[in-house]
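Enquirer: Sequence below, structure please.
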Amino acid sequence: MHSLAWMDAGKAMLGDEVFNSYTFSCFGVWTKNGVERIVQAAAQLSTSSSVSYVGIQVGSGGEISNVNAVSPADAFPFLSKQP
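Expert: Residues are numbered from 1 along each chain as shown. The predicted structure is shown next:
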């Protein structure tokens, strides 16, 4: 990352628990096969003690990488893969 473009923090509730979430976007250099290009990346993280979430997209709309990591896996059923 070489420049931060935007960031925000918020509070949410999950049952009786209040937790923070953080979101930011940035620009950085992506290198593949010796070719460098500037791409945008975005990330979202939560601090809940019962459900952890990290989402990261690299490139326009996640074209380079798109990761959603939830623990426990069934916390957000709409993120789970469908059969």
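Enquirer: Return the residues in contact with the residue positioned nearest the centre of the chain.
Expert: In the chain, the residue lying closest to the centroid (C-alpha atoms, centre = their mean) is G55, at 2.3 Å. G55 sits next to 43-45, 67-69 when contact means C-beta atoms under 8 Å, 6 or more residues apart in numbering. Yep, even glycine has a C-beta here, placed from its N, CA and C like the rest.
Enquirer: And for Q57?
Expert: By C-beta under 8 Å, 6+ apart, Q57 lies in contact with 41-43, 65-67.
Enquirer: Show me what it is bridged to.
Expert: The partner list for Q57 in beta bridges (DSSP bridges) reads A42, N66.
Enquirer: measure it to C26 for me?
Expert: To C26, Q57 is 11 Å away according to C-beta to C-beta, to the nearest Å.
Enquirer: So what touches stretch 63-72?
Expert: Contacts for stretch 63-72 (C-beta under 8 Å, 6+ apart): 30, 39, 51-59, 76, 79.
Enquirer: And the buried ones among the contacts of G55, selectable in PyMOL?
Expert: This is how PyMOL selects the buried members of the contacts of G55, with burial counted by 16 or more other C-beta atoms under 10 Å:
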select buried, resi 43+44
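Enquirer: Looking at the contacts of G55, which is nearest G10?
Expert: Q44 (10.0 Å; C-beta to C-beta).
Enquirer: ranges for the strands of the protein?
Expert: 3-14, 17-32, 35-46, 52-58, 65-71 (DSSP state E).
Enquirer: which residues touch V58?
Expert: 30, 39, 41, 64-66.
Enquirer: Can you tell me which of those comes closest to K11?
Expert: Ranked by distance to K11 (C-beta to C-beta), these are led by A41 at 24.1 Å.
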